[in-house]
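# Dropping a prediction and its sequence here:
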Amino acid sequence: MATKQAKKQTKKKRSDTKGAKPARKKASARSGWPAEVFAELQRLYPDAHCELDYRNAYELLVATILSAQCTDVRVNMVTPALFRRYPDPAAMAAARQEDVEELIRSTGFFRNKARALIAACNDIEKLHGGEVPASMEALVKLHGVARKTANVVLGNAFGRNEGVVVDTHVIRLANRMGLTKESNAIKIERDLMRAFSPESWTLLSHLLIWHGRRVCRARKPDCAACVLRDDCPKVGVLSD
Ligand code: SF4
């Protein structure tokens, strides 16, 4: 608490001191901004983690494919029955599409998702001996698996920081916070990978997603209550 208080006072002093080399101060504040974002959000969400329920890489891969255009809460409601019926890639690869569709219907886009799950598991069976591969190169070659899904699986099931998960929350927050000017997920990920050290990438995406769900929401970001309000450039955020 004392540290936070001291930090706030320092920030206040900094903004109160006018006229002293503004260009330099801006440059130095900018270089420390990613570190500040990470530290403040880590303090705020010490338990930030992937909110999908899973017990292994297969279950996380399935849950992540289901999470497209759907909430984690909804996915967590359907996966227990799905995993009971299809406990591994071999079982999913042999599934009838209609049966999978019925179990995942409420997650939306259920026909495409059922097709992707069965096809990805067929790839896992044929190309990887029934084990979810632990590399970016192999994961993105599976049917229905793009870089975002691969990053979720690598970072959370295998503990490998190969990239940053860029979902709708991360796209929004990274732009508002001035961490990127891009709208393309691949380019945003590239900017975040440059700004943050590799060991922080998996946690960074959890922190941004947690903050995006709780404070920096799409429609009404609560800037007044945000721990980053003093330094955040709030790009594109309309003030009341
Ligand atoms: S200050 Fe506002 S725009 Fe910036 S991170 Fe916080 S809620 Fe989002």
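Arrived safely, thanks for sending.

# Every contact and neighbour count from this point should use C-alpha atoms.
Will do.

# Report the secondary structure state of the residue nearest to residue 223 when sequence neighbours are not counted.
The shortest distance from residue 223 to any non-neighbouring residue, by Cα to Cα, 6 or more residues apart in numbering, is to residue 229 (5.7 Å). For residue 229, the secondary-structure state derived from DSSP: H, G, I helix; E, B strand; the rest coil is coil.

# Quick check: which element contains residue 207?
Residue 207 belongs to helix 201-214 when assigned by DSSP states H and E.

# And that helix, what does it pack against?
Helix 201-214 sits against helix 22-44, helix 147-157, helix 168-176, with contacts defined as 3 or more Cα pairs under 8 Å, 6 or more residues apart in numbering; DSSP states H and E.

# name the helices or strands packed onto the second one?
The reference is to helix 147-157. helix 57-66, helix 136-139, helix 201-214.

# So for the ligand, which of these sits nearest?
Of all the helices and strands packed on helix 147-157, helix 201-214 sits nearest to the ligand, with 7.5 Å by Cα to the nearest ligand atom.

# Give me the contacts around the closest one.
The contact list for helix 201-214, computed with Cα atoms under 8 Å, 6 or more residues apart in numbering, reads 38, 41-42, 45, 48-50, 152, 155-156, 161-166, 169-170, 173, 193, 217-218.

# do stretch 36-56 as well
If you take Cα under 8 Å, 6+ apart as the criterion, stretch 36-56 is touched by 60, 63-64, 72-73, 75-76, 156-157, 203-204, 206-208, 210-211, 227-228.

# how much space between the residue nearest to residue 223 and the ligand?
4 Å (Cα to the nearest ligand atom, to the nearest Å).

# Just the buried residues of stretch 114-133, please?
Applying a neighbour-count criterion of 16 or more other Cα atoms under 10 Å, one finds 114-125, 130-133 buried in stretch 114-133.

# Can you give me the pLDDT of residue 190?
Residue 190 is assigned 97 on the pLDDT scale.

# Pull up the residues of this protein that are close to the ligand.
Counting by Cα under 6 Å from any ligand atom, the chain comes close to the ligand at 176-177, 215-216, 221-223, 226, 228-229, 232, 234.

# Could you give me the ChimeraX selection string for whichever of those are buried?
The ChimeraX command for the buried members of those (criterion: 16+ other Cα under 10 Å) is given here:
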select :176,177,215,216,221,223,226,228,232,234
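
# can you redo the residues of the chain next to the ligand as JSON lines with pLDDT and distance to residue 97?
Converted to JSON lines, the residues of the chain next to the ligand look like this (pLDDT from 0 to 100; distance: Cα to Cα, whole Å):
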{"residue": "176", "pLDDT": "98", "distance to residue 97": "41"}
{"residue": "177", "pLDDT": "98", "distance to residue 97": "42"}
{"residue": "215", "pLDDT": "98", "distance to residue 97": "39"}
{"residue": "216", "pLDDT": "98", "distance to residue 97": "38"}
{"residue": "221", "pLDDT": "97", "distance to residue 97": "40"}
{"residue": "222", "pLDDT": "97", "distance to residue 97": "43"}
{"residue": "223", "pLDDT": "98", "distance to residue 97": "45"}
{"residue": "226", "pLDDT": "98", "distance to residue 97": "45"}
{"residue": "228", "pLDDT": "98", "distance to residue 97": "46"}
{"residue": "229", "pLDDT": "97", "distance to residue 97": "48"}
{"residue": "232", "pLDDT": "98", "distance to residue 97": "47"}
{"residue": "234", "pLDDT": "97", "distance to residue 97": "45"}
